[in-house]
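Participant: model this:
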Amino acid sequence: MEIIAACVALCQAAHAGGKAVEEYKKRRLSETESELLRASAHHGQFLLMSLNEIPGPWVRVGNKEFLDTNDPAYAAKYVEAFKRLCRRDYIYHVDGCLFMLTYSGFEKARKLVRKKQR
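Facilitator: As a prediction, the model looks like this:
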């Protein structure tokens, strides 16, 4: 699937590092990016899902589906946020549709959870 291949390439490029990745990490997270990170803070797993019956891909974290079958824009918003997290090197590809938080991704996610609990 094209979207998985594109996300794998984003994750690999970000993991290779460089000044551009470090500069991008300094940008403020969107609320959507923050929501994905908070949802993944415990287990760190993401699934990039796709079915023929549902138009477009969507992100799944644990048992939370970032999908609204009546509004494809909802899923697209979270897929775009997922891609931006890949660019920040907060997510890496494991296999197939499975992605995981990197160590810095876990740190950021858990920091966001603690901040939200205050």
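
Participant: For Val61, give the beta-bridge partners.
Facilitator: Beta bridges link Val61 to Lys64 when assigned by DSSP bridges.

Participant: I'd like the distance between it and Thr32.
Facilitator: Val61 is 12 Å from Thr32, where distance means C-beta to C-beta, to the nearest Å. For every residue, glycine as well, the C-beta is placed using N, CA and C.

Participant: of the two, who's got more company?
Facilitator: Remark: of Val61 and Thr32, Val61 carries more neighbours, 23 against 18, as counted by other C-beta atoms under 10 Å.

Participant: Downstream of the helix or strand bottoming out on mean pLDDT in the chain, the next helix or strand is which one?
Facilitator: Of all helical and strand segments in the chain, the minimum by mean pLDDT, DSSP states H and E falls on helix 19-25, at a mean of 66. Downstream of helix 19-25, the next assigned helix or strand under DSSP states H and E is helix 31-40.

Participant: buried residues in that following helix?
Facilitator: Residues 32-40 are the ones in helix 31-40 that count as buried (16 or more other C-beta atoms under 10 Å).
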